[in-house]
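Asker: give me a 3D structure for the following:
(2 chains)
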Amino acid sequence: MSPFDIWLGILQGLGTTASVTAYGLVFAVPFALVFGVAQYLARGVARLLITGVIEFWRSSAVIILLFVFYYVLPVVGITLSALTVSAMVLGLNAGGYASQAVRAGLQALPSGQKEAGAALGLSRPAILLLIELPQALVAMSPTFVNTLIQLVKATALVSLVTLTDMTFRAKEIAQVEYNPVAIYTSLLLAFFVVCYPIALAGRWLEARIASPGSRAGGI
Amino acid sequence: MGFDLAFAASSLPTILGAIGTTLTVALVSCIGAAAIGFLFEMVRRAGGIAGLTVGFVIDFIRSTPVLAWLYFLYFVLPFYGVRLGSMTVGVMGLSLYYSGYLAEVFKAGIDAIPKGQPEAARALSLRRRDAVIYVIVPQMLRNIAAPLGNYFVSILKATPYLAVLAVPEMLGRAFDIASETYRYAEPLSVAAFIFLALALVISQGVKQLERWLLARG
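Answerer: All right, here's what the predicted structure looks like:
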């Protein structure tokens, strides 16, 4: 195999990498929004419980969490596909990180925003949805982009639970071809061409938001 | 078969026995990552072609998964005749990967130092090296203490990746028990629990440190 064939062989796993990422976002985005907002609003015991759930997903080592859910769920009678378990664990881990950005973004808004909404006679949910969240989410969007990159990179883990992603393809090719330099350089490059454009987009966003004189909210 | 709590408890001492390995790997990797990251940031700051190249290397590292770096080092180094133990390769991989992130921490820590400080150093005609050692670094250390602590927790949580290279850290021990007994759920849950407890305790410590540094003003 030429290095180019190796590169193409690894890219055969791009579909799995992309679907774990997309499927992971299905878990990450709602989790981040619901738990970030809930942590911002809740007080007392409720806040403690919400923080506990967030910390479980955020502070655990994601590689172990993946193995735990992969092996424990069948034991307690829940059978999910490797793809679903991976998307759930990686997605909720990323969602845990993003929830902190949602909460921090909401907390960073000047309280005048909320008060102005109340003075206009808006209900609390309306203030949250129309005034607070849009500003908080725009302000934190570069952080969300970074979390997305972390999620894409974390999908390399699914190769350990039998899914044929780019990393798994690299290992497969390594079994029939002794050319570790080309194989693992290609693997790094494959992730680079996926993640670097996202990073550049994130930088562009950050500059847009920070630039003075841009429209309110930046974007 | 169900989840056997007694079996989980019996696997605890064996897994916990590897906590020293886990913490050592995390600490050495963190020091390595800080050293490489600081060097990267200094070269990037100096600018020129070397600065641009290092800037790109940092971006490259940050755009690629740690698992891919571990495989890369583990399989490519022997190809060039460099034979190292799997623990050494693992520490090298974690150090290299996190150096890309720590370079950004150093950048932020240095950017936060008031401009007048390096200017004053230049006005006193300190050499660049002396300005870095006596003016920049002491002020930077305060700025980076908390983020560095948070990255130590991240590195700690990444040490189980080394189980893939057969390093006998806590996840590796858990898998050893699992493959001997064909029971995966219990030892893996125990390992997950220990890592979560460690991460939470150290994170709290970092928060206290941050508060203390802020209070000192």
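Asker: find the nearest non-adjacent residue to B:Glu186, please.
Answerer: With C-beta to C-beta, 6 or more residues apart in numbering or on different chains as the criterion, B:Glu186 has its nearest non-adjacent residue at 3.9 Å, and that residue is B:Ala8. C-beta here means a position set from N, CA and C on the backbone, and glycine is covered the same way.
Asker: wait, isn't the one you found in contact with B:Ala192?
Answerer: No: under the contact definition of C-beta atoms under 8 Å, B:Ala8 does not touch B:Ala192, with a separation of 10.9 Å.
Asker: what helix or strand is residue 71 located in?
Answerer: Just so you know, I chose chain A. Assigned by DSSP states H and E, A:Tyr71 belongs to helix A:62-75.
Asker: the intended chain is chain B.
Answerer: Assigned by DSSP H and E, B:Tyr71 falls within helix B:66-79.
Asker: give the buried residues for that helix.
Answerer: B:Val66, B:Leu67, B:Ala68, B:Trp69, B:Leu70, B:Tyr71, B:Phe72, B:Leu73, B:Tyr74, B:Phe75, B:Val76, B:Leu77 (16 or more other C-beta atoms under 10 Å in any protein chain shown).
Asker: and what of stretch A:21-29?
Answerer: Buried positions in stretch A:21-29, judged by neighbour count with 16+ other C-beta under 10 Å: A:Thr21, A:Tyr23, A:Gly24, A:Leu25, A:Phe27, A:Ala28.
Asker: same check, this time on stretch B:30-49
Answerer: Of the residues in stretch B:30-49, those buried (16+ other C-beta under 10 Å) are B:30, B:32-34, B:36-38, B:40-45.
Asker: and if you look at stretch A:149-168?
Answerer: A:149-161, A:163-168.
Asker: strands - which of the residues you listed land there?
Answerer: Among those, no residue falls in strands (DSSP state E).
Asker: now, which of these lie close to chain B?
Answerer: Residues shared between the buried residues of stretch A:149-168 and the neighbourhood of chain B are A:Ile149, A:Lys153, A:Ala154, A:Thr155, A:Ala156, A:Leu157, A:Ser159, A:Leu160, A:Thr167 [C-beta under 8 Å from any C-beta of the partner chain].
Asker: who are the contact partners of the first one?
Answerer: Listed by C-beta atoms under 8 Å, 6 or more residues apart in numbering or on different chains, the contact partners of A:Ile149 are A:Cys195, A:Ile198, A:Ala199, A:Gly202, B:Arg62, B:Ser63.
Asker: mind checking which of those residues are buried?
Answerer: For the contacts of A:Ile149, a burial check counting by 16+ other C-beta under 10 Å picks out A:Cys195, A:Ala199, A:Gly202, B:Arg62, B:Ser63.
Asker: my read is that the second one contacts B:Arg62, right?
Answerer: The reference is to A:Ala199. Yes: with the criterion set as C-beta under 8 Å, A:Ala199 and B:Arg62 qualify as a contacting pair; they are 6.9 Å apart.
Asker: could you pull out the strands for chain B?
Answerer: With DSSP E as the criterion, chain B has no strands whatsoever.
Asker: which stretches in chain B count as helices?
Answerer: Using DSSP state H, the helices of chain B run over residues B:5-16, B:19-46, B:48-62, B:66-79, B:86-111, B:116-123, B:128-130, B:137-158, B:170-181, B:185-216.
Asker: now chain A
Answerer: Ranges of helices within chain A are A:3-11, A:14-41, A:44-59, A:62-75, A:82-108, A:111-119, A:124-126, A:133-154, A:166-176, A:180-210, based on DSSP H.
Asker: the last one - contacts with which helices or strands?
Answerer: Contacts defined by 3 or more C-beta pairs under 8 Å, 6 or more residues apart in numbering or on different chains; DSSP states H and E place helix A:180-210 against helix A:3-11, helix A:14-41, helix A:133-154, helix A:166-176, helix B:48-62, helix B:66-79.
Asker: want to try CSV for those, with mean pLDDT and distance to B:Ser95 as columns?
Answerer: Formatted as CSV, the entries for the helices and strands packed on helix A:180-210 read as follows, by pLDDT from 0 to 100; distance: least, C-beta to C-beta, whole Å:
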stretch, mean pLDDT, distance to B:Ser95
helix A:3-11, 93, 25
helix A:14-41, 97, 26
helix A:133-154, 95, 17
helix A:166-176, 95, 21
helix B:48-62, 96, 11
helix B:66-79, 96, 10
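Asker: got those as JSON lines, with distance to B:Pro160 columns?
Answerer: As requested, the helices and strands packed on helix A:180-210 are arranged in JSON lines below (distance: least, C-beta to C-beta, whole Å):
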{"stretch": "helix A:3-11", "distance to B:Pro160": "25"}
{"stretch": "helix A:14-41", "distance to B:Pro160": "19"}
{"stretch": "helix A:133-154", "distance to B:Pro160": "13"}
{"stretch": "helix A:166-176", "distance to B:Pro160": "16"}
{"stretch": "helix B:48-62", "distance to B:Pro160": "20"}
{"stretch": "helix B:66-79", "distance to B:Pro160": "11"}
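Asker: what residues does stretch B:176-196 touch?
Answerer: The contact list for stretch B:176-196 (C-beta under 8 Å, 6+ apart) reads A:56, A:59-61, A:64-65, A:67-68, A:71-72, A:75, B:1, B:3-4, B:7-8, B:11-12, B:14-16, B:19, B:156-157, B:160, B:168, B:170-171, B:173-175.
Asker: contact partners of the lowest-mean-pLDDT helix or strand in chain B?
Answerer: Ranked by mean pLDDT, DSSP states H and E, the helix or strand of chain B with the weakest confidence is helix B:128-130, at a mean of 88. By C-beta under 8 Å, 6+ apart, the list of residues contacting helix B:128-130 from outside reads B:Ala121.
Asker: tell me the gap between it and the middle of its chain.
Answerer: With C-alpha atoms, centre = their mean, to the nearest Å as the basis, helix B:128-130 stands 27 Å off its chain's centre.
Asker: quick revisit: which one of the buried residues of stretch B:30-49 is nearest A:Leu49?
Answerer: Looking at those and their distance to A:Leu49, the nearest is B:Cys30, at 32.4 Å (C-beta to C-beta).
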